[in-house]
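okay, here's the prediction I keep looking at, along with the sequence it came from:
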Amino acid sequence: MNLSKTWEKLVLAARIITAIENPQDVVCISARPYGQRAVLKFSQYTGSQCIAGRFTPGTFTNQITKQFKEPRLLIITDPRVDSQAIKEASYVNIPVISFCDSDSPLDYVDCAIPGNNKAKLSIGLLYWLLAREVLRMRGTIDREAPWDVPVDLFFYRDPEELEKQEESAPVYEEPTPTVPVVESVPPSPRLRAGTTPPPTPLPAGRALLAPPPLHGTTRR
């Protein structure tokens, strides 16, 4: 596969997407599980709509359905898997951009981007390149500076692999705080009702002084 042709078609598709004034008029579709995460991330960064999962028949042709949409442009992951969306787009004259492999049908596809649309890494990379080029043409990011969004966010992640990684990851245990040891003080004896506490002993060497005489009295 000629990668230079893939890049030329990616740039052409980015120009078509940038020509749409309202990003919400662009719909990305992927019924293939490997492309659902890439479609969600592409719509998140470019502001477009997405349909990740099964495509409901009548979404573009039946106005009674709750999920009825009237887009101006479609982006398809696999024209063989997403054939129903392409067929309905042909009924209402919606242009279609699609990633196409060597065995993909090209019926009603207006802009075909050659690339591997079956591997999870390839799908994620193609959508990442397309999203970066769209943002560069819109002036959102600088063409000379690298895009700060890693391509790993566009890759499909298997739930079973994530569970295995979580199980194998070391568990961090917080250290238990140490409590300072305080010497115990013996409790004071309880007093019975009607009793007075015992007098406090004076320190050695001090004599007990008599209380001063009251005013107007004499001592005998």
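Structure's in. What do you need?

pLDDT weak spots in the chain?
160-220 (pLDDT under 70).

if we go to 90?
Scanning the chain with the threshold set as pLDDT under 90 gives 1-4, 31-36, 53-54, 63-67, 102-103, 117-120, 139-220.

can you count the residues close to residue 127?
Neighbourhood size, residue 127 [other C-beta atoms under 10 Å]: 28. C-beta here means a position set from N, CA and C on the backbone, and glycine is covered the same way.

now it: closest residue in space that isn't a chain neighbour?
Excluding the flanking residues, the one nearest residue 127 by C-beta to C-beta, 6 or more residues apart in numbering is residue 38, at 4.0 Å.

and that neighbour, what element?
If you go by DSSP states H and E, residue 38 is part of helix 33-46.

kindly format the C-alpha coordinates of the following helix or strand past that helix as PDB.
Following helix 33-46 in sequence order, the next helix or strand is strand 49-52 (DSSP H and E). C-alpha atoms of strand 49-52 as PDB (Å, rounded to 0.1, in the frame of the first residue of the first chain):
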ATOM      1  CA  GLN A  49     -21.200  13.700  16.100                       C
ATOM      2  CA  CYS A  50     -20.600  10.000  16.200                       C
ATOM      3  CA  ILE A  51     -22.500   6.700  16.100                       C
ATOM      4  CA  ALA A  52     -20.400   4.000  17.800                       C
END
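
for strand 49-52, name the packing helices and strands.
Using 3 or more C-beta pairs under 8 Å, 6 or more residues apart in numbering; DSSP states H and E as the contact test, the elements touching strand 49-52 are strand 26-30, helix 33-46.

now the helices: where do they sit in this protein?
3-19, 33-46, 83-91, 120-138, 159-168 (DSSP state H).

list the buried residues for the fourth one?
Spelled out, that is helix 120-138. 120, 122-137 (16 or more other C-beta atoms under 10 Å).

could you check how far the closest residue in space to residue 45 that isn't next to it in sequence is from residue 138?
Nearest residue to residue 45 in three dimensions, chain neighbours excluded: residue 131, at 5.1 Å (C-beta to C-beta, 6+ apart). Computed as C-beta to C-beta, to the nearest Å, the residue 131 to residue 138 distance reads 11 Å.

show me the contacts for the closest residue in space to residue 151 that isn't next to it in sequence.
Spatial nearest neighbour of residue 151, excluding adjacent residues (C-beta to C-beta, 6+ apart): residue 128 at 4.6 Å. Residue 128 makes contacts with 38, 41, 149, 151, 154, as judged by C-beta atoms under 8 Å, 6 or more residues apart in numbering.
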